[in-house]
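Participant: structure of the sequence below:
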Amino acid sequence: MTALGRWLTEAVPRGRIAAFRTLVYLFVAGDLVFFTPWVRTHASVPGELYRPLFVSRLLHLPTPTEWLITGIFWTLLALALLAATGRAPRLLGWSVFVLYLHWMIIAMSYGKVDHDRFGLLVALAVLPTAGRARHGDPTRTEAGGWALRVTQIAVVCTYFLAAWAKLRFGGLDWMTGSVLARAVLRRGTDLADVIAQVPYLLIAAQFGIVAFELLSPVVFLVPDRWRTAMVGFFYSFHAVTMATITISFAPHLVAMASFLALERIRPLVLPRRLARRGGREAAPARTAATGPDPVVGDPGQTVVGGPPAGP
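Facilitator: Numbering: from 1, shown residues only. From the prediction side, this is the model:
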């Protein structure tokens, strides 16, 4: 195997796949309910306003109707919750990917196309190939490693291609213009208002954004400990973005978790520990309520269920 092949299929613990899979599918369910419930309003939009994306035209997908959108919503919600359990990873995984892709095509075929869902869609496409995985399983898998690596590449491409688009369509004027100033005026927070008052700070931030996006592939070249720090910087960048101009990039942040050692997170461990601790605490309480057990041979005591002790 070539060096590139070894890099693409670098084995990871199956527990990491299980944790990432649960995170991704739970987000899909949450996305339907909290982030993109507005897609359901397209059911009442006239069909002539539908402008299908290229992939929709390629697949000859029908114009959305109320029955189609409602059916996708409820079916996808149920399947995503089932897939989060790790059962039938291929069957449920492929089903969720196909339905969520259709959901996104409907969402983005009325004018605006968001680029923050590219990494999540790639994750949904490759997770079914990772096979079965249990939380906390240290066994390493190359198939799972490939699924995570492809997702990581999609995450980095989201940054790099965003910078390419800025320079392609906006040129150098994107960095010296008033892009962030307009964003602050449209949806800025109190923190953004304070930052905007600092001379040339927004211009410097625009240069910094393009530099950050162009240099994002460096995350694959640094040692592991520095890679974790860089991913932490990626998350902090989006935290600042949310705190200033209220853009969340939530799907992208979920896909970016493919860089993290998620196998250390075991969601069932804490409930089990609490249950065992509750059982241990309940046992002395029952003993105190019923009194100490009688001792055989102790004068004056009676053995429960037996004859009196002594002659």
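
Participant: every contact and neighbour count from this point should use C-alpha atoms.
Facilitator: Noted.

Participant: what secondary structure does the residue most central in space within the chain sit in?
Facilitator: With distances taken as CA atoms, centre = their mean, V254 lies nearest the centre of the chain, 2.7 Å away. What DSSP: H, G, I helix; E, B strand; the rest coil gives for V254 is helix.

Participant: was I right about it contacting L120?
Facilitator: Yes. Taking CA atoms under 8 Å as the definition, V254 is a contact partner of L120 at 7.1 Å.

Participant: give the residues shared as contacts by those two.
Facilitator: V24 (CA atoms under 8 Å, 6 or more residues apart in numbering).

Participant: how about the strands in this protein?
Facilitator: 12-13, 140-141 (DSSP state E).

Participant: winner for burial among these?
Facilitator: strand 12-13 (a mean of 21; mean count of other CA atoms under 10 Å).

Participant: neighbouring strands of that strand in the sheet, and parallel or not?
Facilitator: Strand 12-13 sits in its sheet next to strand 140-141 (antiparallel), going by DSSP bridges.

Participant: distance from the partner strand to the middle of the chain?
Facilitator: 21 Å (CA atoms, centre = their mean, to the nearest Å).

Participant: give me the contact list for it.
Facilitator: Identification of contacts with strand 140-141 by CA under 8 Å, 6+ apart yields A11, V12, P13, R14.

Participant: kindly indicate which of those lies nearest F249.
Facilitator: For the contacts of strand 140-141, the closest approach to F249 (CA to CA) belongs to V12, at 26.2 Å.

Participant: distance-wise, check that closest one relative to T244.
Facilitator: 36 Å (CA to CA, to the nearest Å).

Participant: where along the stretch 101-250 of the chain do the helices fall?
Facilitator: Remark: helices assigned in the stretch 101-250 of the chain by DSSP state H, counting those that start in this stretch are 118-126, 142-165, 173-176, 179-187, 190-196, 201-214, 224-245, 250-256.

Participant: in a markdown table, list those helices along with mean pLDDT and distance to M104.
Facilitator: Output for the helices of the stretch 101-250 of the chain, formatted as a markdown table (pLDDT from 0 to 100; distance: least, CA to CA, whole Å):
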| stretch | mean pLDDT | distance to M104 |
| --- | --- | --- |
| helix 118-126 | 97 | 9 |
| helix 142-165 | 96 | 17 |
| helix 173-176 | 94 | 28 |
| helix 179-187 | 93 | 24 |
| helix 190-196 | 93 | 30 |
| helix 201-214 | 96 | 24 |
| helix 224-245 | 94 | 22 |
| helix 250-256 | 97 | 12 |
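
Participant: looking at those, which is closest to V98?
Facilitator: Comparing these by CA to CA, helix 118-126 comes nearest, at 8.4 Å.

Participant: now that closest one and helix 142-165, what's the angle there?
Facilitator: 150 degrees (axes from the mean of the first three to the mean of the last three CA atoms, to 10 degrees).

Participant: okay, helix 118-126 in PDB with CA atoms only?
Facilitator: Taking Å, rounded to 0.1, in the frame of the first residue of the first chain, the C-alpha atoms of helix 118-126 are listed here in PDB:
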ATOM      1  CA  PHE A 118     -20.900  19.800   2.800                       C
ATOM      2  CA  GLY A 119     -18.900  18.000   5.500                       C
ATOM      3  CA  LEU A 120     -22.000  16.600   7.200                       C
ATOM      4  CA  LEU A 121     -23.300  15.200   3.900                       C
ATOM      5  CA  VAL A 122     -20.000  13.500   3.200                       C
ATOM      6  CA  ALA A 123     -20.000  12.100   6.700                       C
ATOM      7  CA  LEU A 124     -23.500  10.600   6.100                       C
ATOM      8  CA  ALA A 125     -22.300   9.200   2.800                       C
ATOM      9  CA  VAL A 126     -19.300   7.400   4.200                       C
END
